[in-house]
Each structure stands twice: as C-alpha cells, then as structure tokens.
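Participant: Kindly generate the corresponding structure for this input.
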Amino acid sequence: MTIPNGSSKSGSNPSAGSNNHTQSLIPLNQSDSNLYTRLLLPKGHGYPLWIPETDTNLPVEYRRYGTRIGDVGIVTDDGGFDYLFNICLPANDPVNKGRVPRDFEPLDTSLDIRNNPTRFKPGADISSSFIKKSRTGETQESSTYTFTPSREEGAVLVLPEGGSRSDLRNQGEFRRYAAQNATSWYQFVNATLGWDISNGSMYLVTGCDKTSSWGNAVISNLSGAGGDVTMEFGPKPSSTSNNNNGASDEGRGQFIWLKDGPAASVRYGPDEAEADAGRQANQCIFIRGFRVCVSPAIFADSFRKSNAEDVSSAHVVRKPQAYHPSAVVNEFIFTKTSGIDVVLAHDEQWPSLMNENDTIIPEDEELIRRTFTKFNLVIENGVYYNLCASISL
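Facilitator: Modelled structure (predicted):
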C-alpha cells in the first residue's frame, strides 16, 4: 500500500500550509549531545555521535574493531551508541555470545559493502554553518586551529588522522529483517535485559565513519561572552611513556585540546583507558542506518515479561531520548495512521529534506510537511512503514 505525496492514510494532509519556512532557532537548554546532533546532522554524513568511544565493558573482540555494519544498538541520550548484537554474525561469535535474543537467527545474506578508507583526510574538520576556521600556529609536531562561531551556537569535529567510511549497498534484506524482528528486539531489551529504553532509540547500522583520533566541541549561549575554541593537535605530554605492556605510546594518535572560551564544551579521544587495545581506527564518529520504532501499544507490551500483567501505553513513562528528526515524524504517523506496527526511517532521507539555506534541521511542523511532500510512504503487508523512497522494495 502506497500513501501518495502530501497525504496520509487517515486523510490528514501534513503538507498543508505555506511553503515559506523561516529557519527556527535551536531550543534553549539543549544538552551538549543534542546540540551537537542538531548542528552536524545537516552536513549529510549520518547521525553524529558526541561519544565516539567504544564501551570498555564490551568484549575486547568488539572494542578492537568498534561499530560495524549489522550492529543493533541503542543511541543513548548522552550521544553514544550502546551495542547489543550483530545480525550478520552467529550467536556464538565472540561479539554476540550471551548477548542475543533467545530466538535469534543471523541474517543469511552476502554483504555488498562500499569502503572508502580515506574518506576524511588527516586534519579534516566538519563544522556547523557560520563557523570560521583559522590556522593560528604550527610546529613540527603540532598544529593549532581556532574556530570562531558567528552565531550563538556552533559545533565542530576534527580528525587529526583522518577517517574511513563503510556503507552497505544492498539494504533491502536489512530493512526486511528489522521489520520482522523489531517487536522481539524491544521485548528483549526492555523485558529481558531490563534496559528500559525509549521507543525509537534502536538502530540497525548500515554504514559508519570511523577514526583513530578525534576532537569535538559545541559552543552555546555566547551572548557576546567570547566563545572561540582553540584546538592544538600534537602528542599528549605522556605520549613517550610506556603502557602496561611495556610498549611505547609514542605516535598512538593521542591528541590534546586547548579550550579557550567560557561557553565551549570540548572532548577528545580515544581515552587512555583504551590504549591496551592498541592503535585502532575503532572510534565511530557517524552512524547511518535504520531507526527502528514500534507502535505505542507494542512498545508498552515490550515491558511485559512472560505471564506478567499487560501494561497500558498510557502508563509508560517517556524517558529522555537523544535528538533525532525521525521522532516527530514517527509520532505523527502513529497518531494519524492506523494499522502500523513498525516504522523504519533511514538516515539517507534527512539530507534530501534540507534546503540550500538550512543550517539546522527544520522545526517539527516543517519537517513533517517536507517528509510527506518528498517521499512516497509505503506500508508493506501491514507490517511496517517505510520512509525510505531511495531504497527499492
């Protein structure tokens, strides 16, 4: 079943209204991670992770490589990615062992992956609009850049050693697999694991960008206070010391930030705690994939364990959720359209909804209007709702 452009199954027309759009300001009191996401998502690289590091509690086999295509995980409200399992690997694989649902069956398909190991050159930076970069110093061992925002908010990611990109070409099997398993995944996470995640925070990764070293920053609420961010890239003072294995840390890609400006939040990595895994490009800076959301009724039921009482969707408390534009679109779909169990939205769709003059993701009403104007939205056998016109059924 296809819902034509500019209409929905219920007959409501989300595209009604003026086509003129005034760029909205980012809401006040945003967390660093949400501000970072809102400002860098329009750059078209996928979903930016404020926390690119791997979780040190994960198996060393996973941490050595980091996020990969086929990972199912949760985008956390602080801007990280909590790995659950990988749909392309067997249940007894070291990165899956003891982590998969009881009825887990890996996806049996050949992966057609496009790899670009030099997608980002050494010293590359990705910054929000209205950020001015100037090179303010350089020595044989380090370089210094100053980033100056001309508006009240800004975000920047710097990659001293560059970064790679991997993307899955044949996404159809992933889409169908996610549609078939979305309900059981939420049941597994909320009822079995007891994680109590928010609806729509689950991801199936079809692409990612990774690096061996990075620094990121957000600048907010300047109000004339002066918010330049100065970043110096060079070996950390302890870079010539020996690690626990007796090996030298020199040249391991450990870089420092110099913070200048009271309104800047800065981070850099990888953390020294990850040094025992060796020098690896395992820091994930952007992910691309299917954002998986289930109906309110299914989500409420996902908290119910076997033989437990039913849980009404009206009694499920909404948890804080990392910003993602799909959230408002998903809520609109479930409100205006009946018979939908699962909504899948892919990160490929968001850049195509941006206009030339957009510097941030449009406000909610405008985002809904553009979504229903741009895409033919599809219900397949009443099982799931497809927002990805760029992916063939």
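
Participant: Residue 92 should be in a helix, yeah?
Facilitator: No - counting by DSSP: H, G, I helix; E, B strand; the rest coil, residue 92 is not part of a helix but coil.

Participant: pLDDT score assigned to it?
Facilitator: Looking at residue 92, its pLDDT stands at 96.

Participant: Run a quick neighbour tally on it.
Facilitator: As a burial measure, residue 92 scores 9 neighbours (other C-beta atoms under 10 Å). Bear in mind the C-beta positions are built from the backbone N, C-alpha and C, glycine included.

Participant: what's in contact with stretch 174-188?
Facilitator: Contacts with stretch 174-188, where a contact means C-beta atoms under 8 Å, 6 or more residues apart in numbering, come from 70, 72, 84, 87, 101-103, 107, 168, 197, 199, 202, 204, 206, 290, 292, 294, 298-299, 301-302, 341-342, 344, 346, 380, 383-384, 386, 388, 391.

Participant: Using neighbour counts, give me the buried entries of the residues you listed.
Facilitator: 70, 72, 84, 87, 101, 107, 168, 197, 199, 202, 204, 206, 290, 292, 294, 298-299, 301-302, 341-342, 344, 346, 384, 386, 388, 391 (16 or more other C-beta atoms under 10 Å).

Participant: Could you pull out the strands in the stretch 51-200 of the chain for me?
Facilitator: In the stretch 51-200 of the chain, the strands defined using DSSP state E, counting those that start in this stretch lie at 71-75, 81-86, 113-120, 124-127, 131-138, 143-149, 154-159, 163-168.

Participant: mind listing what the shortest one pairs with, with the direction of each?
Facilitator: If I follow you right, that is strand 124-127. Strand 124-127 pairs in its sheet with strand 154-159 (antiparallel), by DSSP bridges.

Participant: Now tell me what touches the partner strand from outside.
Facilitator: By C-beta under 8 Å, 6+ apart, strand 154-159 touches 35-36, 39-40, 48, 120, 122-128, 130-131, 145, 147, 211, 213-220, 227, 229, 231, 233, 285.

Participant: Could you list the alpha-carbon positions for it in PDB?
Facilitator: The C-alpha trace of strand 154-159 is given here as PDB (Å, rounded to 0.1, in the frame of the first residue of the first chain):
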ATOM      1  CA  GLY A 154      28.400  26.100  16.900                       C
ATOM      2  CA  ALA A 155      29.700  22.500  16.600                       C
ATOM      3  CA  VAL A 156      32.900  21.100  15.200                       C
ATOM      4  CA  LEU A 157      34.500  17.700  14.800                       C
ATOM      5  CA  VAL A 158      38.200  17.500  14.000                       C
ATOM      6  CA  LEU A 159      40.000  14.300  12.700                       C
END
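
Participant: on that earlier part again, just the ones in helices from the contacts of stretch 174-188, please.
Facilitator: Within those, residues falling in helices by DSSP state H are 298-299, 301.

Participant: just to revisit the earlier point, generate a PyMOL selection restricted to the buried entries among the contacts of strand 154-159.
Facilitator: Those of the contacts of strand 154-159 that count as buried under 16+ other C-beta under 10 Å are selected in PyMOL with:
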select buried, resi 35+36+39+40+48+120+125+126+127+128+131+145+147+211+213+214+215+216+217+218+219+220+227+229+231+233+285
